[in-house]
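Participant: Here's my sequence, what's the structure:
(2 chains)
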Amino acid sequence: GDSVTQMEGPVTLSEEAFLTINCTYTATGYPSLFWYVQYPGEGLQLLLKATKADDKGSNKGFEATYRKETTSFHLEKGSVQVSDSAVYFCALSDPSGGYNKLIFGAGTRLAVHP
Amino acid sequence: GAGVSQSPSNKVTEKGKDVELRCDPISGHTALYWYRQSLGQGLEFLIYFQGNSAPDKSGLPSDRFSAERTGGSVSTLTIQRTQQEDSAVYLCASSLKLAGSEQYFGPGTRLTVT
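Facilitator: Predicted structure coming up:
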């Protein structure tokens, strides 16, 4: 079945460092790919998405490119801030079944220190 | 406008008791989803509704779990004879339509079974 694998955390960085969180997926169809973020004490929020190969999703300085050849959707940010500390979830949905069931990775906790 | 709301925000119950968790989706959203976030299993899809219908219940962990949706709006997730392994955060999401639209998540209900 479909699955998502993302790098284990926690990831600890200093402010202004470069961030990469790796995400790879397995899917039988043509999924859409997402990054969700969960800030401390808050609910899941969509950070960015890409719906087809070579699409780049971007938001709040974060970006990820849908790479079909490597089945990857790595999250990057050039300069992280303390406020980016959160848990990041990579997810896919395969609408070929007629609905957007989201399949999530295990989540990666990011801690950014001043 | 108002987002997805869930109640209660926290629920502590004794093993063997029944619990009901409520979700109020965004007005006008036809699709509604339940997920569970637990330490051991990560984020798992449980069930979805299109209108008041739940075509696929295969994500529910056991027959102690049931869900309904009335009036195309509010949904209730019921867990009968709760067990300690049911302890988790139960998340509800809604989307404008079943496929191809973003899911908006509620803050979740944290269930603790003692």
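Participant: Least confident secondary structure element in the chain?
Facilitator: Answering for chain A, as no chain was given. When each helix and strand of chain A is scored by mean pLDDT, DSSP states H and E, strand A:102-104 comes last, with a mean of 91.
Participant: Sorry, I should have been clearer: chain B.
Facilitator: For chain B, judged by mean pLDDT, DSSP H and E, that is strand B:42-50, with a mean of 91.
Participant: Quick check: buried residues in it?
Facilitator: Residues of strand B:42-50 classed as buried: B:Leu43, B:Glu44, B:Phe45, B:Leu46, B:Ile47, B:Tyr48, B:Phe49, B:Gln50 (neighbour count, 16 or more other CB atoms under 10 Å in any protein chain shown). Using the backbone N, CA and C atoms, a C-beta is placed for each residue, glycine as well.
Participant: so who does residue 90 touch?
Facilitator: In the absence of a named chain, chain A is used. A:Val4, A:Gln6, A:Ile21, A:Cys23, A:Tyr25, A:Leu33, A:Phe34, A:Trp35, A:Phe73, A:Leu75, A:Phe104, A:Gly105 (CB atoms under 8 Å, 6 or more residues apart in numbering or on different chains).
Participant: You answered for a different chain; I wanted chain B.
Facilitator: B:Gln6, B:Leu21, B:Trp34, B:Tyr35, B:Arg36, B:Gln37, B:Leu77, B:Gly108, B:Thr109, B:Leu111.
Participant: can you narrow those residues to ones near chain A?
Facilitator: Contacts with chain A are made by B:Tyr35, B:Gly108 out of the contacts of B:Tyr90, judged by CB under 8 Å from any CB of the partner chain.
Participant: Out of the contacts of B:Tyr90, which comes closest to chain A?
Facilitator: Distance to chain A across these (CB to the nearest CB) is lowest for B:Gly108, with 6.1 Å.
Participant: and that closest one, what does it touch?
Facilitator: B:Gly108 touches A:Gly43, B:Gln6, B:Ser9, B:Gln37, B:Val89, B:Tyr90, B:Leu91, B:Cys92, counting by CB under 8 Å, 6+ apart.
Participant: List the backbone torsions phi and psi for it.
Facilitator: Torsion angles at B:Gly108 (phi, psi; degrees, to the nearest 10) stand at phi 90, psi 160.
Participant: Count the residues that sit near residue 30.
Facilitator: I'll assume chain A. 12 (other CB atoms under 10 Å in any protein chain shown).
Participant: Chain B is the one I meant
Facilitator: Using other CB under 10 Å, B:Thr30 has 16 other residues around it.
Participant: Over to B:Arg69?
Facilitator: 21.
Participant: beta partners of it?
Facilitator: Beta-bridge partners for B:Arg69, by DSSP bridges, are B:Ser75.
Participant: isn't it right up against B:Ser75?
Facilitator: Yes. Counting by CB atoms under 8 Å, B:Arg69 does reach B:Ser75; the two are 4.2 Å apart.
Participant: what sits in contact with each of these two?
Facilitator: Common neighbours of B:Arg69 and B:Ser75 (CB under 8 Å, 6+ apart) are B:Leu32, B:Phe49.
Participant: which residues does the closest residue to B:Ser66 other than its chain neighbours contact?
Facilitator: The shortest distance from B:Ser66 to any non-neighbouring residue, by CB to CB, 6 or more residues apart in numbering or on different chains, is to B:Thr78 (5.0 Å). Counting by CB under 8 Å, 6+ apart, B:Thr78 makes contact with B:Asp18, B:Val19, B:Glu20, B:Leu21, B:Phe65, B:Ser66, B:Ala67, B:Glu68.
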